[in-house]
Each structure stands twice: as C-alpha cells, then as structure tokens.
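1. got a structure for you, letters missing:
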C-alpha cells in the first residue's frame, strides 16, 4: 500500500518537476567543482581525496560513458559535446590542476581523470582542438622533476595516448613539434581557468624534451605536409583544418622536429620504479610497431629513441662487475616483462653480480623484442645503432682485453644465444666475422687466438661463442668462417697425381711396417698376446660391419642397383668406427650408435630448414679439380648413389683413362704447387683437435660439438672436405680425418703405458657418462683418457652424420 502511494507521489512530482537530464547533471557536477575553488583557501592543508572533487569528476565521467552507450551511428552525446565545444572546459581545468596541485593530490587526480576519459570513451574526439590542446599542455607537465610522486599516473596517460595513436595513426601528428605551433603557449593557461584556479608563475620545464635547447626562433613553418589528388585539392585543406587525424600520404620533417610522445616515454626509462619503466617500454613498443611509414620516420628521424635504448644497454653492460663468475652467466633466463618481480623476491637464488646481469639481459631482451615487433625502418636503424654503439663502441674492448676477455666473451655468447630478431643476429654475425671487402677480420683473428690461448677458461668461453655463431646459422657467417675456403675444392687432388689419400681407413693393431718391426723384437709371450689381440680386432671389425649392415636394413633402405653407393657409405662409416683399436675402446659393443643416428636425423633436418633459403650449391659443380666427379672418393650425399657404377665404367675404358692422365698431368702439377689454405678457423679447430690429450674435457667437448655442427651443414663442398675419409688430397693438405688419425696414433701409443689402463678407461667413461657435476670439481683428471673417450664418441657421431646425410640423399633422389 505504501509503495503504491510513493509511486503516485513520484509520478506527480515528475509531472510538476521533470527529472534532470544527463547534461543538466553534468553541468551540476561541473558547477560544484567551480564552487569549491571559488571558496578554496591556499592555507588549507586538506587533501583532495577528503573533498567532493573526486566524486564530482567520477560522476561526470560516468555520465559521458552512459550517454555514449545510448548513442547510435557514432554520434557524440551532449555531455561530451559540451567538452568538445568548450562550454564546459573540463580538460583545461584538469590541466590547471595538474600544474597547480591544489589542494595536495590534485595533480594525481587530474592525470588519472584525463586518462580515464580517454580510455573509457569509445570516441574521445582527440582530433578536436579543445581536446588535444589541453592534452598537449598536460604533457608539458609530465616529467617536470625526476622521481616525481605522480610518475605512474603520468606514464599511464602517455600509454593511453599511445593506444589511441595505434587505433588512429594520424593522431601522431598532434604530438610532433611542427603541430605545436607555439611552445610558449603551452606554458600558459586560458584566462577563464586562471580566474578559477590562480597559478604561480610557470617555469620552463627543464626535464621535458619538448623544451630542451629552446631557441629564440620558436619554430619554422609547420613541417607536416600532406599531398592530395588534384581532384581533391579543394576540399583537402578543409579536411586538414577540421580533422588533424586524417592519414598523411607524405610527411616531411625539419631537422629540429621532435616526436613528443616518444621523447617523453624515453625520459621515464631512468625512473627508479621498475613498473614505470615497463609501462614506458610498452608505450615505445606500441608506437614503434605501427605499420605507417610516416610514424617510423618520426621515430628514427625526429627522436633519439634508438640511440637512447642502445646507450642504456651499453650502460648496463658496463655496470657488470668484472669479478662475476662466467659460469653463472649461462644460468640466466630473463625476459624484460618480469624482471622487476624477481628483484622483489628476497628468496630468489642470487649470486655475485646477479642484479647487474639481470638488468642487462632484461634490457637486451627488450631490444630484441622491440626489433621483432617494430617497423622495418626502425628495426634497421636500431640494429645499426646496436652494432655501432654497443658491439663496436662497448663490447669489443672487453673481448680484446685479456684481463676481461673471459667474462666479456661469456656475456656476448649468451647475448647471441638469446636474441631472435633477424636484424640483430645479422649485425652480430657481421661484427664477428666481418663484412665488406675485408678478407680477414681483426676481431675474428682475436677470437681465434683466444681459442688457442693457454688460458683454458678463455678458450672454453670463446669456443662456446663460436658454437653460438654457428647455431644462429647466418649465411654470411658460414661463408666467412669456412665456406669461402672450401668453395674452390682446392683440397682435392687427382688420384695418382702425387696426392695422398686422407686416410684410407684405419690400420689394424700394429698397423704399419714400423710397428711390425717393433713387434718382432718383443718376447714370445708378448707376441702371442699381440696375436690374440689382433684376432679380437678382426672379430671386432666383423662385428662392426655386421652392425652397419643391420642398421642399413633396419632403416629400410632399398639399395636396389646402388650396391656401389652402399659399399661407399659402408667404407666411410667403417673408417670412423674402426679408427681406434678395439683394445682401447671404452665401449667396444657400440650400443649407443643408433642413438647418435636418431640425433643426427633430428639435427640434420633442423639444418635443412635453417639453410633452405641459402644460396648454396646442391652438387659438386663448378671448380672441380678432379678428372671425374663420380669417383669413389666423391662423398657428396647426392652423388653416392651412382659412385661406383661411374667408377667402374671409367676403369673399363683404359684408353680414356690414359688420355685423362695425359691431359691433366700439367693441371695436377699446378694444383700440387698451390697448397690449400683451410683458413684460420678450420686451422684452429684442427690444431685443438690434435692437442686434445693436453686439454680439459670441457674444451674437447665443445670442440667436437662445433665440428659436428659444421659436418651437419648441407653444403656439398664442406660435406666432402669434412666427412670423406677416402678423399685424395695432397700430403700437406690438412683434413679432419687425417688429424683424427694422428690423434688416434698418439693415443694408441700413450694409453697402454697407463697402469691398468683398461680399468682406468672403464671407470672414467662411467664418470663422464653419468654427467655428475661433482666430477668437474675433482682436482685431478686423466686428460689423456678423457680425450680418448671424447674421440671415441666423436667417431660414432661423425659416422652417424655421414650415414644420415647419405640416407637423406638416397630418399631425395628416389
């Protein structure tokens, strides 16, 4: 009964006095704000949160949002229209509050209210002069002083404007100095607002990039120039005047122009608040990722964004303590988005230099992410700046200084591992291996010299660095390191023309004549033991051959008429698996060989994908120094199918072979006089390989890993040079297999001199294969035995790679 009566009374009241419209409510809250400041006393210390101002601003914003929901066709409601027409100068008032901060807290409230207005309205009408002009004035107030208590609110406003620019790229013009026709006018507040909120004298902001080096001549003519079709020239100017957000077709900039939005965001990168820095980074990334060429030109031409970002990376690099343990560097897995949370976690596992390394790698990750997301013009400019200001200007000094080289190399190796952007990787590779016409790059020689250093910590870190270079797999770096040397096939010699085979298999126990003569002087019991060992060696070789045949059939290879090809790959695999005598093997059965084959399948497919776009030859064509490209020593995978057929056909035609020998006699002599230069990189690898018995286990492990990666590359010349033990070469030409043979002979001589060497070899293998971290901390290691086990496993790996590449070529050629 009472509810019905109240409804009747309300209806009668509505008839006599209709409810206020939204615009009337909007005007009411605006008047309440005006009334507050008319009675406000500067001596009053009340905080603005203790007044009704936040409530009135919230209600005004809510009225705009509510009316926008009811509007159709994108029309502007009366409340927002009042702001656009400046009948209610809300944004001007917020700008004044941000400048005056009266009462205390008004600045934060004004920035938050302006941000909410732009975020919550679908059409904030930023292209209107009464909207963007107050926003420009508000931006002037941003970053007036370092460590401002309103940093978060300021950067949120900037981030909101970045989002608006992403939706409507033409709005970027509003935040360039050409559009801000009079900078000094931004320091003044309209007279009607000054009467409402009296301000003290406003000084030129010293930290705001818009006012850096402010000259007497404020600005030349507006530099933003738009071009239109001739038919539209009449209404083009009108469109420009009415809507500054229209998309430009051509934009020209003066050398003194500034992109205020980006420059302000850059100024917050020095904030002590990590969350402020992250929000500023987001804003820079938003603007940089826009597809418009004009905005990209603004960032690269009118802003020091790229230089500032790279300089901050260099500064963080210089702050890394020189006493950091290089082994700790590789443990870090940092992204720029959550680094601040790690710093706040006191229980987080830390080590000496953790914070400095974290800040550096987090910023590197931001640079890498920015380069992947930004416009291509910005990415190119940023990558060039990265090389000039960071790699050449900062990091290179550490690599060339022996006191700092270990840590510097470890940090740069980690850098190359974690970056993904193509531009950054290319600049990194070009810096390391050289570009242009320089045949040999000084930095590359320095790194190679570091690998050969007696300081094994430096050698290890540099090998890891080279491994990272190869893993990134740029065509240019591969060409500079190895392919430019093997591309001429100068390593190859004609059989019978004075050359010598690279190895031709492994000798049996007591292999050559010298060994046999030495054995003849042994006592009878020792000779019997040697004979028994020789029988076991023969049985071992038969077992390995059977194992290879089983693998060939298990892999489902239908050899058909390619018996010669099967025999050739059988010979190559045997050469590696039988390089070491059975008596020295820590694993004579070779039970893990199939595991190496599966790994080689996966890794080879990876390299096929990586190099699919490279301009590499598919066969041994061009500079072929051999009389025939299908002899049995031709190890290219795609030629193995028909190797022996062609070889036998050539042998059957003896007259043709004699003619070939006569015609190529002079050529062979010329090739013999020109010694093959494998280049500094391969020369370094072969030298380290021959010195394996005297090097630490980790150095040998990374050395063989690098060679394995090179052997996996699907380049026919490199494949032939590295993986063909039967390749005829000059006696002075170094090859991988010749180096491994010399190493095997050295180990065969030295290992048996160790007391109870078989037990030592067996126990060392168990320790190494267990991957027990404590093993590396043990003071005494038998490097000779460790190198034997590394070589043994390396032989299995190379045999598996050769087999997998042969198998792939067999399937590819059907």
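-> Here it is on my side, so go on. The structure displayed is predicted, hence computed values, not measured ones. Residues are numbered from 1 along each chain as shown.
2. pLDDT at residue 642, what is it?
-> Here, the pLDDT recorded for residue 642 equals 37.
3. Show me the protein divided up by domain.
-> 19-214+253-270, 305-472, 536-812 (automatic domain parsing).
4. Reformat those domains into JSON lines and put distance to residue 288 and mean neighbour count next to each item.
-> Bear in mind the C-beta positions are built from the backbone N, C-alpha and C, glycine included. Shown next, in JSON lines, are the domains of the chain (distance: least, C-beta to C-beta, whole Å; neighbours: other C-beta atoms under 10 Å):
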{"stretch": "domain 19-214+253-270", "distance to residue 288": "8", "mean neighbour count": "18"}
{"stretch": "domain 305-472", "distance to residue 288": "4", "mean neighbour count": "18"}
{"stretch": "domain 536-812", "distance to residue 288": "26", "mean neighbour count": "17"}
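5. Would you mind measuring from the closest residue to residue 596 other than its chain neighbours to residue 485?
-> The shortest distance from residue 596 to any non-neighbouring residue, by C-beta to C-beta, 6 or more residues apart in numbering, is to residue 800 (3.8 Å). Separation of residue 800 from residue 485 (C-beta to C-beta, to the nearest Å): 25 Å.
6. now do residue 463
-> 19 Å.
7. Helix, strand, or coil at the residue nearest to residue 593 when sequence neighbours are not counted?
-> Of all residues beyond its chain neighbours, the one nearest residue 593 is residue 796 (5.3 Å), with distances taken as C-beta to C-beta, 6+ apart. Following DSSP: H, G, I helix; E, B strand; the rest coil, we place residue 796 in the helix state.
8. which residues sit in contact with residue 796?
-> 576-577, 590, 592-593, 596 (C-beta atoms under 8 Å, 6 or more residues apart in numbering).
9. same thing with residue 151?
-> 143, 268, 271, 273, 276.
10. Report the lowest-confidence entry in those residues.
-> Lowest pLDDT among the contacts of residue 151: residue 143, 67.
11. check which helix or strand covers the residue nearest to residue 354 when sequence neighbours are not counted.
-> Leaving out its chain neighbours, the residue that sits closest to residue 354 by C-beta to C-beta, 6+ apart is residue 328, at 7.6 Å. Assigned by DSSP states H and E, residue 328 belongs to helix 326-329.
12. Which elements pack onto that helix?
-> Contacts defined by 3 or more C-beta pairs under 8 Å, 6 or more residues apart in numbering; DSSP states H and E place helix 326-329 against helix 354-373, helix 405-418.
13. name the element the residue lying closest to residue 435 once chain neighbours are set aside belongs to?
-> Excluding its sequence neighbours, the residue lying closest to residue 435 (C-beta to C-beta, 6+ apart) is residue 476, at 7.0 Å. Assigned by DSSP H and E, residue 476 belongs to helix 475-478.
14. Can you list the buried residues in the next helix or strand after that helix?
-> Later in the chain than helix 475-478, the nearest helix or strand by DSSP H and E is helix 484-486. Residues of helix 484-486 classed as buried: 485-486 (neighbour count, 16 or more other C-beta atoms under 10 Å).
15. State the mean pLDDT of helix 484-486.
-> 87.
16. sorry, back to before: what's the spacing between the residue nearest to residue 435 and residue 137?
-> According to C-beta to C-beta, residue 476 stands 51 Å off from residue 137.
17. before we move on, what about residue 575?
-> Remark: distance between residue 575 and residue 137 (C-beta to C-beta) = 80 Å.
18. Equivalent analysis for residue 94, please.
-> 10 Å.
19. Over to residue 311?
-> 30 Å.
20. How about residue 61?
-> For residue 61, the distance to residue 137 - C-beta to C-beta - is 20 Å.
21. Would you confirm that residue 84 contacts residue 130?
-> Yes - between residue 84 and residue 130 there is a contact under C-beta atoms under 8 Å: 5.9 Å.
22. coming back round to it: as CSV, the helices and strands packed on helix 326-329 with mean pLDDT and distance to residue 301 would be great.
-> Below are the helices and strands packed on helix 326-329 laid out as CSV (pLDDT from 0 to 100; distance: least, C-beta to C-beta, whole Å):
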stretch, mean pLDDT, distance to residue 301
helix 354-373, 93, 18
helix 405-418, 95, 28
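23. show me the contacts for residue 25.
-> Counting by C-beta under 8 Å, 6+ apart, residue 25 has contacts 59, 63.
24. after the helix or strand encompassing it, next one along is what?
-> Using DSSP H and E, residue 25 sits within helix 22-38. Next helix or strand after helix 22-38 toward the C-terminus (DSSP H and E): helix 53-70.
25. quick one: that following helix to helix 22-38, angle?
-> 160 degrees (axes from the mean of the first three to the mean of the last three C-alpha atoms, to 10 degrees).
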